[in-house]
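>>> next input, structure requested:
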Amino acid sequence: MTTHQARLDKSYLDTKRRQLTDLREKLLRTRAGAEVEEAGVNTEAGGGAREYEDDAQKLTTLELEGNLEVRDTDRLVNVERALRKLEEGTYGISDASGEPIPKDRLDAVPEAIYTLAEQRALDDKAAGR
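The predicted structure follows:
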């Protein structure tokens, strides 16, 4: 048994699998709800008298929700990767360095596929810092 396997026993991995599966379903439901809401706004805007201020508010709301959708999409990608890592037997190992991801991080962010330092570096790079 490897050190990694001893650190993350079957019971722990089963718990993470359930958490990740539940999280994936929640993210998919949220995405579906957002699509229905956006379709409703588009239908509402078609025809009839319009208040441009209302349209501006709706567009601002849709833009903010779009940003949340991007975040949720990124999170869904990580959830899917974490589930594959569970199947591969590499859950809890960083995709970048092969280093173990601390259990505290996995408890807080079950879909983590990088150590905290690696994730921060990736986030900083994406933000242009």
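
>>> show me the helices in the protein, by range?
3-7, 10-45, 52-88, 103-108, 116-126 (DSSP state H).

>>> which one of those helices has the lowest average pLDDT?
When the helices of the chain are compared by mean pLDDT, helix 3-7 comes last with a mean of 58.

>>> now residue 100: how far from residue 19?
Distance of residue 100 to residue 19, given as C-beta to C-beta, to the nearest Å: 19 Å. C-betas here are computed from N, CA, C, even on glycine.

>>> oh, that last question was meant for residue 110, not what I typed.
On the measure of C-beta to C-beta, residue 110 and residue 19 end up 5 Å apart.

>>> to what extent is residue 10 buried, counted in neighbours?
8 (other C-beta atoms under 10 Å).

>>> how close does it get to residue 96?
26 Å.

>>> repeat that for residue 31.
According to C-beta to C-beta, residue 31 stands 27 Å off from residue 96.

>>> which one of residue 110 and residue 19 is surrounded by more residues?
Counting neighbours by other C-beta under 10 Å for residue 110 and for residue 19 shows that residue 110 has the greater number, 20 against 16.

>>> residues in contact with the more buried one?
Counting by C-beta atoms under 8 Å, 6 or more residues apart in numbering, residue 110 makes contact with 16, 19-20, 23, 82.

>>> then residue 96?
Applying C-beta under 8 Å, 6+ apart, the residues near residue 96 are 114-115, 118.

>>> now with 10 Å, please.
By C-beta atoms under 10 Å, 6 or more residues apart in numbering, the contact set of residue 96 is 113-115, 117-119, 121-122.

>>> same deal with residue 78?
20, 23, 95, 109-114, 119.

>>> what sits in contact with each of residue 110 and residue 19?
Going by C-beta under 10 Å, 6+ apart, residues that sit against residue 110 and also against residue 19 are 79, 82.

>>> take the contacts of residue 78 and keep only those in strands.
Using DSSP state E, no member of the contacts of residue 78 falls within strands.

>>> count of residues packed around the nearest residue to residue 85 once chain neighbours are set aside?
The spatial neighbour of residue 85 that comes closest, neighbours along the chain excluded (C-beta to C-beta, 6 or more residues apart in numbering), is residue 91 at 4.3 Å. Here the number of neighbours of residue 91 (other C-beta under 10 Å) works out to 24.
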